[in-house]
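Q: no sequence on hand, only this structure:
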């Protein structure tokens, strides 16, 4: 895995490129374009766990039609302004999806499969999860 960040020569704006070829804007400050590096960390955790949830629920033969992961982080007030607390809300839509299946998927993601979430926890971030089931 790799990524490259190149300064655009204006303010604190950068262009990022992932090893897959995906290009994005990244910035910091009042006149930033794109997301901030700390927002991308949250997006990485949300994306990582979303992949796990969908994969696990499909393996459990749950009839899911949608999964949304919302993440909110609180940072320390002093430098380095690391995340101290993160709340993750899973919204799972489908037909007859069971609480047990969703709870199992979240547990496996949080404790075993989502590398990004596990890294947060190992760094001392308090990661809390909740979920809602939406019947089709």
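A: Looks like it came in fine. All of these numbers come straight from a predicted model, not from anything done at the bench.
Q: quick one, phi psi at residue 58?
A: phi -70, psi -40 (degrees, to the nearest 10).
Q: oops, could you answer that again for residue 40 instead?
A: Torsion angles, degrees, to the nearest 10, at residue 40: phi -60, psi -30.
Q: make sure it is actually in contact with residue 28.
A: No. Contact between residue 40 and residue 28 fails when scored by C-beta atoms under 8 Å: they sit 11.3 Å apart. All C-beta spots, glycine's among them, are computed from the backbone N, C-alpha and C.
Q: residue contacts, the residue sitting nearest the centre point of the chain?
A: Residue closest to the mean C-alpha point of the chain, counted by C-alpha atoms, centre = their mean, is residue 46 at 1.6 Å. For residue 46, the contacting residues are 69, 70, 71, 88, by C-beta atoms under 8 Å, 6 or more residues apart in numbering.
Q: so it sits in a helix?
A: Yes. Applying DSSP: H, G, I helix; E, B strand; the rest coil, one finds residue 46 inside a helix.
Q: separation between it and residue 103?
A: 18 Å (C-beta to C-beta, to the nearest Å).
Q: how about residue 59?
A: On the measure of C-beta to C-beta, residue 59 and residue 103 end up 15 Å apart.
Q: what does residue 14 give?
A: 39 Å.
Q: more neighbours: which of those two?
A: Using other C-beta atoms under 10 Å, the more surrounded residue of residue 14 and residue 103 is residue 14, with 21 against 12.
Q: shouldn't that one be in contact with residue 25?
A: Yes. With contact defined as C-beta under 8 Å, residue 14 reaches residue 25; the gap is 7.4 Å.
Q: quick check: neighbours shared by the two?
A: Joint contacts of residue 14 and residue 25 (C-beta under 8 Å, 6+ apart) are residue 34.
Q: circling back: out of the contacts of residue 46, which two sit at the greatest distance?
A: 70 and 88 (7.3 Å; C-beta to C-beta).
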